[in-house]
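Enquirer: let's see this in three dimensions:
(chains A and B)
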Amino acid sequence: MQPLQITCKLATGLAMHHPLAIDGLLAAMVAARDSYPPIALEERIPPPEALPLAWHPAGFHHASQAHLVIQAYETVRWSRTLLPIHRLALLTDRGKFPVGGRFKAYWMPLRKVLPAGMVLTWWVMGDAQGIRELLRHTFGLGAKHNAGHGWVASWTVEPWADDWSLLRPGDEGPEPTRPLPMELAPEGWQGLEVRRLTYPYWRRDGQVLAAVPMRVENK
Amino acid sequence: MSTDTIHDAITEALVFRPGAGPLAECKTVRDLITVQWSLKITALTPFAHSSGTMGNDSLFMTERVVNPERPGDSPEDIPCLTGNSLRHALREGLTWLTLRVLGVDLGSVSPAALHFLLSGGSMGKQASTLDLEGHRRLTAMFPYLPLFGGGLGTALVAGKLQVGSGILICRQNGWRVDDLCPPMVGDAEGSLDAEEYRERRQGTRHDARRQPVASLLMPPKDSKAWDKERLKTSKANESEGSDSTQMIYGREVLVAGSTFLWQVGGHFMTPLEHSALICALLAMQQRGWIGAASGTGHGRIKMRVVGASGETAPLADALRYADEGEGVEHVAKRAWAAPYVDCVTKHGDEIREWLSGLR
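Expert: Have a look, this model is predicted:
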């Protein structure tokens, strides 16, 4: 295990509803590789030791969330259109066909960010070869990544001089690079949110008050 | 060796693309396959792919792009084909091929099954239609499901298919095309500005009453029916403030000859799912149309493989097969299609039963 910097160059804007945590991403790849059933059907997640990352005694991996500087935003329309009636008429013998409720066609706004340089950066303490082997199978990031949003152009995993997986030097002292429990937070840190400390980050259980990185925008 | 050369060599070893690399031709443990193909989509007729309207004009779909090589430049809205629409083209292609292989009786498919097959399904109120054991059994016999995923009752199941958006090969996208597809380095940089590919086409809706044929179809002018019709029309015109239904409308299209780089693939696919994906691409090429207004000649396409992180031969053969115009009924004879077609044929009864059970 060594300090590493992971860089992702994107080809398209990113629909990012949550901060992108690299340990969550690697866990998803482990689950896909080992053919875990969909999480919606069975609550089974990869154990911490299955990831090529160092584990912190406080209950999370030495892995930062994505660092990015937001250069621009874009809101696109995500659609599901009505099924064509001439085809429905061919395949179903019903006199009427439901077009409301869960079958309704819709337009839904999808907010995207364009990071400066189209680059995302993470810092971890981990095994470079193991990380590379998992990232090779990651084509996209964020919401709707399997339909071209947050599409990955290339990955870079390189040794980094210092361990920035938890904290990194800032203008006014150390700043967190991932959600940290209050006992590990830099003194006087203002950015506090209720968050989980390990994957799956979207779950509500296990959330604690945590020191989180500041959002950076240049617009 | 100079320091710069050593640095370049190290950098080259550190940077890698999804799907690429020395992973034994991307075959991982237990014969799971990760592959990413780069295809070039060429418009044989103008593309219509609208994102909205302005007055009577429909506007072509765009995506916002910043150029990392020119950090001071403002973002630009560049025409694109959305991954959502291309994913749907793949889904629909494989659906029709599957229904033909299954020999589904016309009129026998439930609304929920149709929504699942053509739109990815939806979340329902009732309990999940799949238990875990059922899901395992189904994914093994119907590779369509793990490939595309979808909404199944109360469960949203992710698919292994990864579909990129269609990136217009134009000057502004030079950096993206170079990064994504090494065989095409320089192609976009030397091409035209994105605006050069846009074209506005005007259409006209005629007022049917002013057509010569109308005089034959409408009541004689001296009849009572004619007076009644005139009275009705003039009242309608008063309220609408116009005496004609004629109008012009505009449609923004991309000119014929426009080309797109499109990446598609999947991760950790079984050989069956890999075969299903090639069948989907075959069906999409056989259909040969994407986007809107295909009924008026828009969106005829040709696809070619230009690069890949895995094996290209099966897909290239599938696209050639589609060009040759052989029917779907012969597709099972091809090595790349046989696993999927044989599997669906073998488990036809169970798949039909599962589809009919979707509510």
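
Enquirer: where does chain A dip in pLDDT?
Expert: A:40-42, A:79-99, A:102-103, A:216-219 (pLDDT under 70).

Enquirer: which residue ranges of it form helices?
Expert: For chain A, applying DSSP state H gives helices covering A:22-33, A:85-91, A:128-135.

Enquirer: which of those sits most buried?
Expert: The highest mean neighbour count among the helices of chain A belongs to helix A:22-33 (a mean of 22), with neighbours defined as mean count of other CB atoms under 10 Å in any protein chain shown. (Glycine included, C-beta is placed from N, CA and C.)

Enquirer: so it, near chain B or not?
Expert: Yes. Using CB under 8 Å from any CB of the partner chain, we find that helix A:22-33 touches chain B at A:29, A:32-33.

Enquirer: hmm, who's touching that helix?
Expert: Residues from elsewhere that reach helix A:22-33 (CB atoms under 8 Å, 6 or more residues apart in numbering or on different chains): A:6, A:39, A:45-46, A:50-53, A:60-61, A:63-66, A:122, A:124, A:131, A:134-135, A:137-138, A:141, A:198-201, B:28-29, B:32, B:160, B:267-268.

Enquirer: residues in contact with residue B:18?
Expert: In this structure, residue B:18 makes contact with A:135-139, A:152, A:155, B:36, B:309, judged by CB under 8 Å, 6+ apart.

Enquirer: also residue A:112?
Expert: Contact partners of residue A:112, counting by CB under 8 Å, 6+ apart, are A:13-16, A:73-76, A:149, B:64.

Enquirer: picking up where we left off before, residue B:42 is nearest to which of the helices of chain A?
Expert: Between residue B:42 and those, the shortest separation by CB to CB is 27.2 Å, and it involves helix A:85-91.

Enquirer: roughly how far apart are residue B:261 and chain A?
Expert: 9 Å (CB to the nearest CB, to the nearest Å).

Enquirer: which residues does the closest residue to that residue other than its chain neighbours contact?
Expert: Distances taken as CB to CB, 6 or more residues apart in numbering or on different chains place residue B:167 nearest to residue B:261, at 4.6 Å, with adjacent residues excluded. Under the criterion of CB under 8 Å, 6+ apart, the neighbours of residue B:167 are A:11, B:80, B:173, B:176-177, B:180, B:260-262.

Enquirer: among those residues, name the ones in strands.
Expert: Judged by DSSP state E, the contacts of residue B:167 include B:80, B:260-262 as members of strands.

Enquirer: all helices for the stretch 201-350 of chain B, in order.
Expert: Counting by DSSP state H, counting those that start in this stretch, the stretch 201-350 of chain B has these helices, from start to end: B:214-217, B:224-240, B:271-287, B:313-324, B:338-346, B:348-357.

Enquirer: how about the CA coordinates for the shortest one, as PDB?
Expert: Meaning helix B:214-217. Written as PDB, here are the backbone C-alpha positions of helix B:214-217 (Å, rounded to 0.1, in the frame of the first residue of the first chain):
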ATOM      1  CA  ALA B 214     -60.700  19.500 -52.200                       C
ATOM      2  CA  SER B 215     -63.200  20.700 -54.700                       C
ATOM      3  CA  LEU B 216     -64.000  17.100 -55.600                       C
ATOM      4  CA  LEU B 217     -64.300  16.000 -52.000                       C
END
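
Enquirer: in terms of secondary structure, what does it contact?
Expert: For helix B:214-217, the packing partners by 3 or more CB pairs under 8 Å, 6 or more residues apart in numbering or on different chains; DSSP states H and E come out as none at all, with no helix or strand in contact.

Enquirer: not counting sequence-adjacent ones, nearest residue to the residue of chain A found nearest chain B?
Expert: When you check chain A against chain B by CB to the nearest CB, the closest residue turns out to be residue A:148, at 2.5 Å. Counting by CB to CB, 6+ apart, residue B:83 is the residue found nearest to residue A:148 once chain neighbours are left out, at 2.5 Å.
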